[in-house]
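*Asks:* Fold the stuff below for me.
(2 chains)
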2 protein chains.
Amino acid sequence: MAGAAVLRGEITTALRSALLEELAANGYGRLSIEAVARRAGVAKTAVYRRWNAKIDMVLEVVAEFAGRKFSLPDTGSLHGDLGLVLHILAAALEHPLASQIIPDLLVEAGRDPKIAEALQRTQRAIQDEVGVPLIKRAIERGELPADTDPDLAIDLVVGPIYWRLTVARRPLSPDDLAQLIDATAAALTAGAPGPPDRTN
Amino acid sequence: MAGAAVLRGEITTALRSALLEELAANGYGRLSIEAVARRAGVAKTAVYRRWNAKIDMVLEVVAEFAGRKFSLPDTGSLHGDLGLVLHILAAALEHPLASQIIPDLLVEAGRDPKIAEALQRTQRAIQDEVGVPLIKRAIERGELPADTDPDLAIDLVVGPIYWRLTVARRPLSPDDLAQLIDATAAALTAGAPGPPDRTN
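*Replies:* You can find the predicted model right below:
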């Protein structure tokens, strides 16, 4: 019986990998339970024993990400923390999960409120674990004003690199990344006390 | 004969609208020539007389955007120009074309080099007509350094608002937009002459 449970677990793992590969290769719109089963090398019934429909498989995989624990070490400065986050994002956005599956599901989110909700929850979880502590530490160090809006800060940190790598799909050299880190730090501190206008 | 030509033009226009509606509602992956014809109220043969496959319809509509002329008035300052661009982007990104069709086709671009190339060409055309002149004017006014990288500048201008409205899908209040304009101006001028570090 223990052997059967192990086998069931292995099939579930194989199905999850097959699902991610199918999503990356063909997208949610063309995803079929048949194709996932075929790629995992199991019968269609093995899928239906676990999930009722393709939406349920996808929601489970997305929710699994929201449940993971992320945390970022304190580098001692806003500039250092931003450098670390942007290096991690640059690497993550090269992965097919980020470059194909997430954008694909985001499009589906516009059509299906259940997918939208699951993605929002995942985004919110990562933001609360990584983004909010980063901003809080910078406020404590006096690098950012106490009323910094974390939502807007996330847009300024994630937006440019997301656009560059997943939308414009232009490569980002180490020099470009260094410039992007400086620019992001300047964008975040635009409302901070200090010289009110750099062009003066 | 003139009447027949007018009718042909009207059918083409109806098919283009139907294509955009189908793309927004169901996405490229599920797009079928049958559905486009049905939505336009014409026979399937009317589609096949114009395009061989769904990819050809989509490429033509994307190329048509690249051919449009965009231009932005000179508001007299980088901050003013950025304000105008971000207001236009905020409005454009509320449109289903931007919020559903473009992200959907961008995902397809990862699978189909022909779609990738058409989108790149369109992006490049808009960047050359709107982005490059904006940066050039700011350089001439002494607001940006002469060696400003236009690609990186575009990432900093478009990235945060694209992320906010089409990925995070959080609403952007007029106050948020004003903050975003200030932050973008600060990001662009991060490499400009002036106080080297605002946190000093």
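*Asks:* where are the low-confidence patches of chain A?
*Replies:* A:1-3, A:5, A:66-67, A:191-200 (pLDDT under 70).
*Asks:* now with 90?
*Replies:* Residues of chain A meeting the criterion pLDDT under 90: A:1-13, A:16-17, A:20, A:23-30, A:50-72, A:91-130, A:166-171, A:190-200.
*Asks:* Work out the gap between the one helix or strand A:Val61 maps to and the centre of the chain.
*Replies:* Taking DSSP states H and E as the definition, A:Val61 sits inside helix A:54-67. Averaged C-alpha coordinates place helix A:54-67 at 13 Å from its chain's average position (Cα atoms, centre = their mean, to the nearest Å).
*Asks:* same deal with stretch A:146-164?
*Replies:* Worked out by Cα atoms, centre = their mean, stretch A:146-164 lies 14 Å from the chain centre.
*Asks:* quick one: it near chain B?
*Replies:* Yes. Judged by Cβ under 8 Å from any Cβ of the partner chain, stretch A:146-164 comes into contact with chain B through A:149, A:151-152, A:154-156, A:158-164. Placement of C-beta: from N, CA and C, glycine included.
*Asks:* need the contact list for A:Leu20.
*Replies:* Going by Cβ atoms under 8 Å, 6 or more residues apart in numbering or on different chains, A:Leu20 touches A:Val61, A:Leu97, A:Ile101.
*Asks:* same question but for A:Leu165, I mixed them up
*Replies:* Contacts of A:Leu165 (Cβ under 8 Å, 6+ apart): A:Ala90, A:Leu93, A:Glu94, A:Ser99, A:Leu172.
*Asks:* and the residues you listed as CSV, adding neighbour count and distance to chain B?
*Replies:* Compiled in CSV, the contacts of A:Leu165 are given as follows (neighbours: other Cβ atoms under 10 Å in any protein chain shown; distance: Cβ to the nearest Cβ, whole Å):
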residue, neighbour count, distance to chain B
A:Ala90, 17, 12
A:Leu93, 18, 12
A:Glu94, 13, 12
A:Ser99, 19, 6
A:Leu172, 21, 9
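*Asks:* farthest-separated two in those residues?
*Replies:* Farthest-apart pair in those is A:Ser99 and A:Leu172; separation 12.8 Å (Cβ to Cβ).
*Asks:* picking that back up, with neighbour count and distance to B:Ala138 as added columns, please give the contacts of A:Leu20 in JSON lines.
*Replies:* Formatted as JSON lines, the contacts of A:Leu20 follow (neighbours: other Cβ atoms under 10 Å in any protein chain shown; distance: Cβ to Cβ, whole Å):
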{"residue": "A:Val61", "neighbour count": "18", "distance to B:Ala138": "45"}
{"residue": "A:Leu97", "neighbour count": "14", "distance to B:Ala138": "37"}
{"residue": "A:Ile101", "neighbour count": "25", "distance to B:Ala138": "38"}
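*Asks:* I'd like to know which of the residues you listed is nearest to chain B.
*Replies:* Ranked by distance to chain B (Cβ to the nearest Cβ), those are led by A:Ile101 at 9.0 Å.
*Asks:* Contacts only, for that closest one.
*Replies:* So A:Ile101 contacts A:Leu20, A:Leu23, A:Ala24 (Cβ under 8 Å, 6+ apart).
*Asks:* Could you tell me which of those residues belong to helices?
*Replies:* Among the contacts of A:Ile101, the ones falling in helices (DSSP state H) are A:Leu20, A:Leu23, A:Ala24.
*Asks:* check contacts around the second one.
*Replies:* Residues touching A:Leu23, when contacts are defined by Cβ under 8 Å, 6+ apart, comprise A:Leu31, A:Val58, A:Gln100, A:Ile101, A:Asp104, A:Leu105.
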